[in-house]
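K.L.:
With the sequence up front, the predicted model follows.
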Amino acid sequence: MSDHGHEHQHGHGHGHAQQQGQGHEHGHDGPPPGMPPLPDSADGLPAWWEELYGGSDLRWSGSANARLVEALAQLGVAPGRTLDLGCGEGGDVVWLAEQGWAATGVDVAHAAVARARRVAEARGVDVVLERHDLTQTFPEGEFDLVNAQFLQAPVGWPRAEVLRRAASAVAPGGHLLVVDHADPPPWADLDEQARIGFPTPQQVLADLDLGDGWAVVRAEVAARPATGPAGSAAQHGHLNDSVVLVRRLR
């Protein structure tokens, strides 16, 4: 397992995740217990993520995000090079490596990269881990799959620019998967959630502005079952995900 340890930060959303969510890693169902308050602006996000991952407890389930697993089953493509944006504790990037992909994960937080490294070592897979601010730097090369799960953050973070940069890193014949929360979970703090955008698939496609060299494989809102934080009024329910999967033709 290799860790490039780049002294870059990448601004990312990770989304608001829930430790008890169904089959999700870093962009899940609602704030887990102990999540720090959101910063006042996007400038505070790197420190916010560092604080989030700086403790000793695992934040997420360790499983791959369900929409990623679903997309690869749908595509049936052979493993190639893959990039996971906002890798968190490594649930997606490690799972991809286990499926035979040459996997790279990036995160804004040193602590998250360290956690992902430990997970990869424990599960015996080789992954590349880099720390980037995707508004400033980006991993080099082209990838057959770029995975962007729940890159949602307070207003002011240039998400559309980051997604377009992600699209530019997709190799011809490769895919970009963008998954977002389509609306807040029923147990969420609505004051906090009001600061997070909930893009529709159509908004994601408009932000990507892909042009003729791409094909839309999937663009829809899809529901999945989820479990809320312990003690929440709504313990069980459904969450709606905005799912966009596109293929680069040339």
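P.N.:
Looks like it arrived, so ask away.
K.L.:
who does the helix or strand encompassing Val216 pair up with?
P.N.:
Taking DSSP states H and E as the definition, Val216 sits inside strand 214-227. Here strand 214-227 is paired, per DSSP bridges, with strand 236-248 (antiparallel).
K.L.:
Which residues belonging to the strand it pairs with are considered buried?
P.N.:
239-248 (16 or more other CB atoms under 10 Å). Just so you know, the C-beta spots here come from the backbone N, C-alpha and C atoms, and that holds for glycine as well.
K.L.:
Quick check: of those, which lies closest to Val216?
P.N.:
Val246 (5.5 Å; CB to CB).
K.L.:
follow-up on the earlier one: out of the buried residues of strand 236-248, which comes closest to Gln99?
P.N.:
Out of these, the member with the shortest distance to Gln99 (by CB to CB) is Leu245, at 16.9 Å.
K.L.:
close enough to count as contact, the closest one and Leu176?
P.N.:
Yes. Shown here, Leu245 and Leu176 form a contact pair, counting by CB atoms under 8 Å, at 7.4 Å.
K.L.:
how about the strands of the protein, start to end?
P.N.:
Residue ranges of the strands in the chain, as given by DSSP state E, are 2-3, 81-85, 102-107, 128-131, 143-149, 170-181, 214-227, 236-248.
K.L.:
how about those in a markdown table, adding mean pLDDT and distance to Glu70?
P.N.:
A markdown table is the format used below for the strands of the chain (pLDDT from 0 to 100; distance: least, CB to CB, whole Å):
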| stretch | mean pLDDT | distance to Glu70 |
| --- | --- | --- |
| strand 2-3 | 46 | 29 |
| strand 81-85 | 98 | 16 |
| strand 102-107 | 96 | 18 |
| strand 128-131 | 95 | 25 |
| strand 143-149 | 98 | 12 |
| strand 170-181 | 97 | 10 |
| strand 214-227 | 92 | 9 |
| strand 236-248 | 91 | 8 |
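K.L.:
Make TSV out of these and add distance to Pro201.
P.N.:
Formatted as TSV, these follow (distance: least, CB to CB, whole Å):
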stretch	distance to Pro201
strand 2-3	34
strand 81-85	18
strand 102-107	24
strand 128-131	29
strand 143-149	13
strand 170-181	9
strand 214-227	4
strand 236-248	5
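K.L.:
now for this protein, which residue lies nearest the mean position of the chain?
P.N.:
The structure's the chain has its C-alpha centroid closest to Gln149; by CA atoms, centre = their mean the separation is 2.7 Å.
K.L.:
follow-up on the earlier one: need the buried residues of strand 236-248 in TSV (columns: distance to Ala160).
P.N.:
Compiled in TSV, the buried residues of strand 236-248 are given as follows (distance: CB to CB, whole Å):
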residue	distance to Ala160
Leu239	23
Asn240	21
Asp241	19
Ser242	14
Val243	18
Val244	13
Leu245	18
Val246	15
Arg247	20
Arg248	18
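K.L.:
for the record, mean pLDDT for stretch 42-53?
P.N.:
Stretch 42-53 shows a mean pLDDT of 75 in the predicted model.
K.L.:
Tell me which residues of it come out buried.
P.N.:
42, 45-46, 48-50, 52-53.
K.L.:
Repeat that for stretch 95-112.
P.N.:
By neighbour count with 16+ other CB under 10 Å, stretch 95-112 contains the buried residues 95-97, 101-112.
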